[in-house]
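quick one, what's the 3D model for this:
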Amino acid sequence: PGHRSPLPPLRAASMRTPDADWRHRCARWLEDTPHGPLHDGRWSVTARASFAPGIWTEDFVRDWPDAVLALLCGGGWHGVLPLRPLSPPGAPRVKAYRKHARDGTLAPVLLWWVSFLDGWLILDGHDRAVAALAEGAEPPCTVLARLPDESEWRRTADAVAEGHAERMSRLSERPAGPGTERQRAALERGYADALAGLPYDEAPTPLWPPADDA
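Numbering: from 1, shown residues only. The predicted model follows:
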């Protein structure tokens, strides 16, 4: 108890604003607040409308804080963890949000991807999450994630480029033909996709000792 959202309170009128860009709103609010998780480094704020099956059902922690996160070997957890107790579906604020959920004007829940949990923390929107789920839908989400520093992803890019050059060199030694050309095209597409995604891959979430342990 006592969790403070890093975002200001949302008014109903702001949620009904047509074409509201919640990613930019959240980014601006996170930059301005002294209570958020931002620290030095590169960050992304992305919209997410769907998740793998089970994330908002079996792996959504409802019994806060008395819960066990089952980190399955090789599969991780991939759930959603609230930072405060959840309100009941009949609570007045949740009821108001349920109407927004039915009308399609519900503001997204702000999630933070934390690597060592292999899941998301709810930074803002606990009642909106409950409201959407009570209406039989997954809540729309804005996801905050830390990205690798430029020097880190460029080192990875250099290694990927070197491996790609070696594979293309070996391929050039094979007899020309349709099969070789298809394989060449597939390697080029894979290489381009890998390079395009490197700057935006999620980076590990760092840990710091408590202030009194420093």
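
could you use CA atoms for every contact and neighbour count after this?
OK.

count of neighbours near Arg103?
Quick fix: residue 103 is Asp, not Arg. Using other C-alpha atoms under 10 Å as the criterion, Asp103 is surrounded by 10 other residues.

wait, I meant Leu83
So Leu83, with other C-alpha under 10 Å, has 19 neighbours.

the one 4 residues further on too?
Here the number of neighbours of Ser87 (other C-alpha under 10 Å) works out to 17.

per-residue pLDDT, the closest residue to it other than its chain neighbours?
Once flanking residues are discounted, Ser87 sits nearest to Asp127: 6.3 Å by C-alpha to C-alpha, 6 or more residues apart in numbering. Note for Asp127: predicted pLDDT of 97.

residues contacting whichever strand or helix holds Asp127, please?
Per DSSP states H and E: Asp127 is located in helix 126-134. The contact list for helix 126-134, computed with C-alpha atoms under 8 Å, 6 or more residues apart in numbering, reads 82, 84, 86-89, 93-95, 97-98, 101, 106-109, 138-139.

buried sites along whichever strand or helix holds Tyr97?
Element membership for Tyr97 (DSSP H and E) is helix 92-103. Of all the residues in helix 92-103, those buried under the rule 16 or more other C-alpha atoms under 10 Å are Val94, Lys95, Ala96, Tyr97, Arg98, His100, Ala101.

same question, stretch 16-31
Trp22, Arg23, Cys26, Ala27, Leu30.

ok, of those residues, which one's closest to Ala145?
Nearest to Ala145 out of the buried residues of stretch 16-31 is Ala27 (C-alpha to C-alpha; 11.4 Å).

nearest residue to that closest one other than its sequence neighbours?
Spatial nearest neighbour of Ala27, chain neighbours left out: Val45 (6.7 Å); criterion: C-alpha to C-alpha, 6+ apart.

would you mind listing the buried residues in the one helix or strand Leu123 maps to?
In this structure, Leu123 sits in strand 119-124 according to DSSP H and E. For strand 119-124, the neighbour count (16+ other C-alpha under 10 Å) marks Gly119, Trp120, Leu121, Ile122, Leu123, Asp124 as buried.

these two touch, right, the fifth one and Trp112?
Going back to what we said before, that points to Leu123. Yes. Proximity of Leu123 to Trp112 meets the contact threshold set by C-alpha atoms under 8 Å, at 6.6 Å.

for the residue most central in space within the chain, what is the enclosing helix or strand?
Residue closest to the mean C-alpha point of the chain, counted by C-alpha atoms, centre = their mean, is Val143 at 3.7 Å. Val143 is part of strand 141-147, with elements assigned from DSSP H and E.
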